[in-house]
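Chemist: Need coordinates for the below:
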Amino acid sequence: MSKENISLTLWVMIAVGCLVALTSFGLRAAFGLFLGPITMDFGWQREPLALALAIQNIFWGLAQPFAGALCDRYGPRPVVIGGALIYALGILAIPYSTDPWLMYLTMGVMAGIGIGATSFAIIMSALSKVVPGEKRSMVMGIVTASCSLGQMVVVPSVQAAILTQPTGRMPYLPWPSRQLLLAPWRFC
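Modeler: Numbering: from 1, shown residues only. Reported below is the predicted structural model:
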């Protein structure tokens, strides 16, 4: 067995992959925190938001095979960048989704497709092709841990943003801005 080291370039790729997974899953885990603010802002019951999240889960699952096929054909970079942009646009449009069907489109369809194209399955698949076999399981563990870390880091910060808003309303700018600010990292 040869001992292959991971180069600095690979570590940068791993770090960027982890950042994408952290952001994608952290934001995805934070959607439930908006049940109160969204229902308060729009005067809805909880059912439209719950259905939007169910639609998101369906589209997340439906998008992954297509994202994987696109990764095989064009590489992970354009797929992840495109997914991040769809995800960010979906998130940015949520505050303007004053009708349930718009919420289904933004938080449901767009965010679901974005999550599917930026999920850990895409990241792990891309990294497994470039990381030496001896180090592959370690890298896959790091990527998986970054998804959990995203939930531990992003969810409390989103909760803090909600709590600092007057009357606990939805923080329109800070939360979607984080997704867009982290989008340039996805170009690496």
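Chemist: helix or strand for L27, which one?
Modeler: When secondary structure is defined using DSSP states H and E, the element that contains L27 is helix 8-30.
Chemist: ok, then the element right after that helix?
Modeler: From helix 8-30, the next helix or strand downstream (DSSP H and E) is helix 35-42.
Chemist: And the residue nearest the centre of the protein?
Modeler: Nearest to the mean C-alpha position of the chain, by Cα atoms, centre = their mean, lies S24 at 1.8 Å.
Chemist: got a pLDDT number for that one?
Modeler: Per-residue pLDDT puts S24 at 89.
Chemist: My guess is it contacts S119. True?
Modeler: Yes: counting by Cβ atoms under 8 Å, S119 is a contact partner of S24 at 6.2 Å. No exception for glycine: its C-beta is placed from N, CA and C like everyone else's.
Chemist: ok so, going back, for the residue lying closest to the residue nearest to the centre of the chain once chain neighbours are set aside, give its distance to L92.
Modeler: The shortest distance from S24 to any residue that is not its chain neighbour, by Cβ to Cβ, 6 or more residues apart in numbering, is 4.2 Å, and that residue is T118. When distances are taken as Cβ to Cβ, to the nearest Å, T118 and L92 turn out to be 16 Å apart.
Chemist: Then M138?
Modeler: Noted for M138: a distance of 36 Å to L92, by Cβ to Cβ.
Chemist: what about the two, which has more around it?
Modeler: L92 (18 against 12; other Cβ atoms under 10 Å).
Chemist: how far out from the middle of the chain is the helix ranked longest in the chain?
Modeler: Residue-count comparison of every helix in the chain, with assignments taken from DSSP state H, identifies helix 133-163 as the longest. Mean-position distance between helix 133-163 and its chain equals 11 Å (Cα atoms, centre = their mean, to the nearest Å).
Chemist: Which secondary structure elements does that helix sit against?
Modeler: Helix 133-163 is packed against helix 8-30, helix 120-130, helix 174-182, with contacts defined by 3 or more Cβ pairs under 8 Å, 6 or more residues apart in numbering; DSSP states H and E.
Chemist: Fine by me, thanks again.
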